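>>> build me a model from this:
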Amino acid sequence: MALLLLPIAATLVYSLSSRWGATILPDGFSLGWYLQLWSEPRFLAAFARSLLVCAGTLVLAIVIVVPAAFVVFYYYPKLDRWMNLLILLPFAMPPVVSSVGLLSLYADGTLPIIGTPWVLLGCYFTIILPFLYRALANRLQSLDLHSLMEAAQLLGASAPRAFLCVVLPALRKSLFASLFLSFSFLMGEFVFANLLVGTRFETLQIYLYNMRSTSGHYTSAVVMSYFLITLILTWIATRFNR
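Numbers count the residues shown, from 1 in each chain. Predicted structure coming up:
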């Protein structure tokens with residue numbers, strides 16, 4: 001715990017210090033860096049863009065991956081091995097290599113989406129696919145899926161209603177855990193955002209990169225704000241999940 005908390009505590013102290021030179025402790029403490037940060041329109045816009053792209057990606061993933069995982073395990077269980085191969089592809093292809101290919105494919109032509117949030121939605125979907133599908137697959141393997149569906153259908157439910165009212169609630173904890181792991185990962189993603197959109201759609205990580213030459217106290221305030229917001233959202237999700 002000390003190993004994990006020490007860097008966070010040091011960053012927090014540095015973001016609260018008014019000046020910290022060649023001394024062990026800061027010369028003083030102030031909230032000035034946070035006030036400056038949260039009154040900066042550019043930061044607020046970048047933060048809103050990151051939230052928008054991450055939320056859109058998670059919604060897209062839920063709509064596609066959750067029904068797909070159910071169909072695989074209920075109707076075509078032999079496809080699971082091919083899905084396991086598919087979800088390994090994002091790890092096999094480095095982001096820089098993927099970005100070069102996407103730049104060549106979508107820079108112009110019939111679908112010129114480079115520099116727009118749409119290209120990030122597609123890239124981020126492939127990034128979180130392994131986390132989301134694997135979490136759902138592990139949970140579906142532990143369920144007696146056919147017995148649950150047959151019992152629901154014997155009670156008069158159609159297959160879609162049985163999925164929504166019986167199977168989906170059983171997947172809730174795994175789904176929430178994978179979604180917030182994915183959210184934390186996407187909020188910190190830099191390579192795709194930098195190469196594919198850059199300052200044309202400045203996200204939080206691009207903003208932090210562009211501010212690297214400013215005060216270290218200011219960038220520490222950015223990092224701590226990002227960390228605290230992620231922590232608050234995770235706590236809200238945990239309470240909601242209960």
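
>>> list the contacts for Ile114?
102-103, 106-107, 196-197 (C-beta atoms under 8 Å, 6 or more residues apart in numbering). The C-beta positions use only the backbone N, C-alpha and C, and glycine is treated the same way.

>>> and with 7 Å instead?
Neighbouring residues of Ile114 by C-beta atoms under 7 Å, 6 or more residues apart in numbering: 103, 106-107, 196.

>>> same question, Ile87
Contacts here follow C-beta under 7 Å, 6+ apart; on that basis Ile87 touches 129-130, 133-134.

>>> between those, which is nearest Thr57?
Closest to Thr57 out of those is Leu129 (10.3 Å), distances taken as C-beta to C-beta.

>>> helix or strand: which one has that closest one?
Applying DSSP states H and E as the criterion places Leu129 in helix 117-142.

>>> quick check: buried residues in that helix?
117-121, 123-137, 139-140 (16 or more other C-beta atoms under 10 Å).

>>> what packs against that helix?
helix 41-74, helix 80-92, helix 172-187, helix 191-196 (3 or more C-beta pairs under 7 Å, 6 or more residues apart in numbering; DSSP states H and E).

>>> any regions of the protein where pLDDT drops low?
240-242 (pLDDT under 70).

>>> quick check: closest non-adjacent residue to the most centrally placed residue in it.
For the chain, Phe183 is the residue whose C-alpha lies nearest the centre (C-alpha atoms, centre = their mean; 2.3 Å). Nearest residue to Phe183 in three dimensions, chain neighbours excluded: Cys54, at 5.6 Å (C-beta to C-beta, 6 or more residues apart in numbering).
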